Every structure is written in C-alpha cells, then in structure tokens.
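1. please work out how this folds:
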Amino acid sequence: MIEVNTNFIFHNVGQGLFYSGKIGNINFIYDCGSMNTECVNKVVKSYKKKVLGKEKISMFVISHFDKDHVSGLENLLKDREVEWAILPYLTPLERLIIASRWSTVPRWYYHFLSNPVEFLFERNVKRVIFIGSGENKEKGKDITPMGKEPSPSEDVKIEIDNLPEDEELWRRIIEQEDEQWKKWIEEKKILPRNHWGLIRIPRVWEFVFFNYKVDEGAIRSFKKCLKERGIKEKEIRDIIREKRMREEIKKCYKLIKTDLNLTCLVMYHGGNYKMTLGISKKKNCSSLPRQLRDQDLLKKYRANLLKWKLTGTSIKNGGQLLLGDANLKRHYKDLLEHFKNFLPMINLVLVPHHGSKNSWNSKILSDINACKIWVVSAGIKNSYSHPSKKVILEIVNNRFLLWCNEKEKIAIGGKDAKRILLFSNSSL
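-> Next up, the predicted model:
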C-alpha cells in the first residue's frame, strides 16, 4: 500500500489562468496563459523547475483557445513529454474567429489555431482527446462518483476507458479537417470522446468534463461575410497564418454582435480526500482589486484579510470545479444537470471568466451550497474590471473569496501550501 500525496496550485499569472495539480506521480494542468506573456513564461519556468522537475505531464487540459488561457503553451511544452492533451473541438472557421480577436500574439499561436493537433504532436504530446457535447447514449444513467475504495498498491495511472466514443464529433472532424487528421484518428492518436463519462485514476481520483456546442446563430454574420469575400472553407487554415488576410477578416469579426466565447471545457476533479489550505493575513489593501478598495465596502463585508491562519485546517470533501470562461447565463441548467451527482462533493469553485458579471449566475451559490471556497484568477490592473463588484459582493456575503493575481498564488495541500488572500463575510 502506498500513500498518495496531492497538491494543487492556482499560479500567479495575473489576467489569465494557469492551474496545476499533482496526484502521486500524476501531473496535470488546466490552462496555461495570461494577457501578460512575460509573466506567464516566468511562472512556467518556475513550475517546471520547482514542481514538475524531470517528470512528464500526464494530462494537459485546455478549456478554450483564447490568448489569456494558452499564451504559456509554447514554453510549457518545450522539452517536456505530455501523455494526454484534452481540449474542445473547434472547426477551422471557429478557430479563425479566435485568430481575428488578437493582434499582439506570437506566430506560434496562429500555428496552434491553424492546426492544433499538428502543433501539439510536434511538441511531444502523445495523444489528443477532443471532448464533445453529444447526447447521453445511456438514457437515465448519470455519471456517478466512485465509492470508497482501497488505496492503490502500485503507482497511480490515468485510465480513459470510461469516456465513451463520440460518433457525431468523429464525423464532424472528418468533414472539417484534412486527411492527416483522419489518419491520426485511425491510429488512435486523436480520440473523439463524449463528455458523458469520466477519466479515472483508479481508487484515487476522477475527472469529469462538460462542454457545450458553439452557437451557430452567433457566428452566422461572420460566415456570411467570409462567403461574400469569396473565401472558401478549405482556405481557412492557411488564412489563419497569414497576417494580411487576418487583418482583412477582422472586418467580418466586427459583425459579431454578441460577447462571444465559442465554447469552454469545464472540469471537475476530486477524490476521497480532504483539502488543506494555507492562508495568511495581510496588513493593507494596496494590492487589492480596485473594486474592493472602498473602505465602507471593506468594513461592511469584512473583506479585509482575516487575522487568523487557516494553515493545516482540513475542509470536508476535496472536489474542485474549474469553470474556465464558461457562461453560466446561457448554459447553467445543462451544466448543473451534468454535475448533479458531484455537487455535494465540491468545496472549491473557480469563478468563471475571471469574475465577469456577464458570465455569472448567482444561483450557483445556492445550488452548490456546500462549497465554501470560491477562487478568482484576475490581474490586479486589468482593463476589464474583473472581478465584477457585483460578483464579489454576492460571493463574500456568505462564502470565502480567494483572489489569485500576479503577486499571489493559491496552493492547496502538500508542503507548498502558500499564503493567499482571503475575503469573507462568513466563517467555515
């Protein structure tokens, strides 16, 4: 019998997200990016040296393809083997929309958007899993958590057998991509899988994913604009890499009227363990987001940092729900239904979209009422007013809000439990 140590970190990358976990000999990552590329690359270098060491990355999950969630990807994958990359599938046209958003990004980013699988395989990623959002083939059979099981007697390892194949997604990929992708699917280097399942580290941990389909109505005007310019679908991947053409396509992007996040891969993970958080006080609020610098607000909601430490305190249940940039206004009901059997096990939630009010749904506070810890990953001086004052107030009214930024990281469990900022009007 062996003891399985766990350690999870929200890294200090500012306006973006870089989350890593370690379960025994399993290293996994959920997103790796920031609006500040220099910042994320510095943190990635430290992570590879101090946390990862010479070990491989077992699983790398990309929630979506925006710059602030993948800008550290190139340096993260350099000289490092990755067993599984897990991501949502976007068609070349949908990837072109993302390419049209950004101007100040490195060339490798457009290579990634043009052909994400080729990009990953060239950087020592062994296999890619695309998670689809098709219907549950086993009607009435929900995803259920593992029960209490004996501890493993050997090194822990990832098993994907409980992720069902997604035939609809398979057909879509074959239709949209070139012959090389079809060959990779036949070789089982690309695996189209349905989110009605889970990945397990047997007897230790489990990972459950949720994805939602792109709103075709939201991108209809973009598709029409491309057609009017005589752009054919087979040309799109090349256009993504051409600066002159991207600048032209931006005129089409401006026709999209909605705040567009095409899709987002949400991930729950947890096991039969408790969490330990390391928290320390802070004497002033000089590094607080400007939304919390109002002294009356600080006093009313006791948002000043608590005067006691929580270091070494165990919190019942260790489930964590990482929402990426998911929109809880549009997809909340489906998300809740998908994770319904795991809600009582969740005691940490990553607030979606860096605390944006446009992606927030306050119902989640009552629907996951056992959850005490809510984390926001946002830059100290970002231009989006993240996190929203509205979101902050609703959370700190009866929960703990932890803010991860350029200066502060959040570590959960293990000897690296780090001192972090805490705002609350409640108690555990």
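2. okay, buried residues for stretch 124-134 please.
-> 125, 127-134 (16 or more other C-beta atoms under 10 Å). The way it works is simple: take the backbone N, C-alpha and C, and place the C-beta from them, glycine included.
3. likewise for stretch 378-386?
-> Neighbour count says stretch 378-386 has 378-380, 382, 386 buried, by 16+ other C-beta under 10 Å.
4. now that stretch: mean pLDDT?
-> Averaged across stretch 378-386, pLDDT comes to 89.
5. how far does it sit from its chain's centre?
-> Relative to the chain's own centre, stretch 378-386 is displaced by 18 Å; criterion: C-alpha atoms, centre = their mean, to the nearest Å.
6. what's around K243, how many residues?
-> 10 (other C-beta atoms under 10 Å).
7. same check on C225?
-> Neighbour tally, C225, other C-beta under 10 Å: 17.
8. does it touch K254 like I think?
-> No - counting by C-beta atoms under 8 Å, C225 stays clear of K254, with 9.2 Å between them.
9. pull the number of nearby residues for K333.
-> Around K333 there are 11 residues (other C-beta under 10 Å).
10. repeat for L87
-> L87 has 22 nearby residues by other C-beta under 10 Å.
11. would you put the C-alpha positions of the helix or strand containing it in CSV?
-> Of the helices and strands defined by DSSP states H and E, L87 is found in strand 82-88. The C-alpha trace of strand 82-88 is given here as CSV (Å, rounded to 0.1, in the frame of the first residue of the first chain):
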residue,chain,number,x,y,z
VAL,A,82,2.8,15.1,-22.4
GLU,A,83,0.8,11.9,-22.3
TRP,A,84,-2.7,13.3,-23.0
ALA,A,85,-3.9,16.7,-24.3
ILE,A,86,-7.6,17.2,-23.7
LEU,A,87,-9.5,20.0,-25.4
PRO,A,88,-12.8,21.1,-27.0
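12. sort out which residues of the very next helix or strand once past that strand are buried, please.
-> Later in the chain than strand 82-88, the nearest helix or strand by DSSP H and E is helix 92-101. Buried positions in helix 92-101, judged by neighbour count with 16+ other C-beta under 10 Å: 92-100.
13. just the residues you listed: which has the poorest pLDDT?
-> Lowest pLDDT among the buried residues of helix 92-101: S100, 88.
14. ok, that one to E206 distance?
-> 37 Å (C-beta to C-beta, to the nearest Å).
15. where along the stretch 1-150 of the chain do the helices fall?
-> Along the stretch 1-150 of the chain, the segments classed as helices by DSSP state H, counting those that start in this stretch run 37-47, 67-70, 73-77, 92-101, 107-114, 116-121.
16. so for the third one, what's the average pLDDT?
-> So the one you mean is helix 73-77. Rounded mean pLDDT across helix 73-77 is 97.
17. and what of the fifth one?
-> The pLDDT scores in helix 107-114 average 96.
18. any idea how far that helix is from the middle of the chain?
-> That offset, for helix 107-114, works out to 19 Å (C-alpha atoms, centre = their mean).
19. check which residues of it are buried.
-> 109-114.
20. how far out from the middle of the chain is whatever helix or strand A411 lives in?
-> Assigned by DSSP H and E, A411 belongs to strand 410-412. The chain centroid and the centroid of strand 410-412 are separated by 16 Å, computed with C-alpha atoms, centre = their mean.
21. so what does it touch, helix or strand wise?
-> Using 3 or more C-beta pairs under 8 Å, 6 or more residues apart in numbering; DSSP states H and E, the elements in contact with strand 410-412 are strand 6-10, strand 275-277.
22. alpha carbons of the longest one, as CSV, please.
-> Translated: strand 6-10. Output in CSV follows, covering the C-alpha atoms of strand 6-10 (Å, rounded to 0.1, in the frame of the first residue of the first chain):
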residue,chain,number,x,y,z
THR,A,6,-1.8,15.7,-3.6
ASN,A,7,-1.0,19.3,-4.4
PHE,A,8,-3.0,21.9,-6.5
ILE,A,9,-1.9,25.4,-7.4
PHE,A,10,-3.6,28.4,-9.0
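23. residues in contact with P145?
-> By C-beta atoms under 8 Å, 6 or more residues apart in numbering, P145 lies in contact with 206, 270, 341-342, 345.
24. returning to what we had before: using TSV, lay out the helices of the stretch 1-150 of the chain together with distance to K22.
-> Output for those, formatted as TSV (distance: least, C-beta to C-beta, whole Å):
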stretch	distance to K22
helix 37-47	11
helix 67-70	21
helix 73-77	15
helix 92-101	30
helix 107-114	25
helix 116-121	22
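25. for L265, which of those is the nearest?
-> helix 67-70 (10.3 Å; C-beta to C-beta).
26. run the chain-centre distance for that closest one.
-> Taking mean C-alpha positions (C-alpha atoms, centre = their mean), helix 67-70 and its chain are 10 Å apart.
27. which residues touch that helix?
-> For helix 67-70, using C-beta under 8 Å, 6+ apart, the contacting residues are 15-17, 31-35, 62-63, 101-102, 105, 109, 112, 324-325.
28. so the nearest residue to K188 once chain neighbours are set aside bridges to which residues?
-> Nearest non-adjacent residue to K188, counting by C-beta to C-beta, 6 or more residues apart in numbering: R127, 7.4 Å away. Beta-bridge partners for R127, by DSSP bridges, are W84.
29. residue numbering should commence at 25 henceforth.
-> With the count now opening at 25, the last piece we talked about shows up as R151.
30. how about R151, what does it touch?
-> Counting by C-beta under 8 Å, 6+ apart, R151 has contacts 107-109, 212-215.
31. I121 reaches L279, doesn't it?
-> No - using C-beta under 8 Å, I121 makes no contact with L279, being 10.8 Å away.
32. between these two, which contacts overlap?
-> With C-beta under 8 Å, 6+ apart, I121 and L279 have common neighbours F246.
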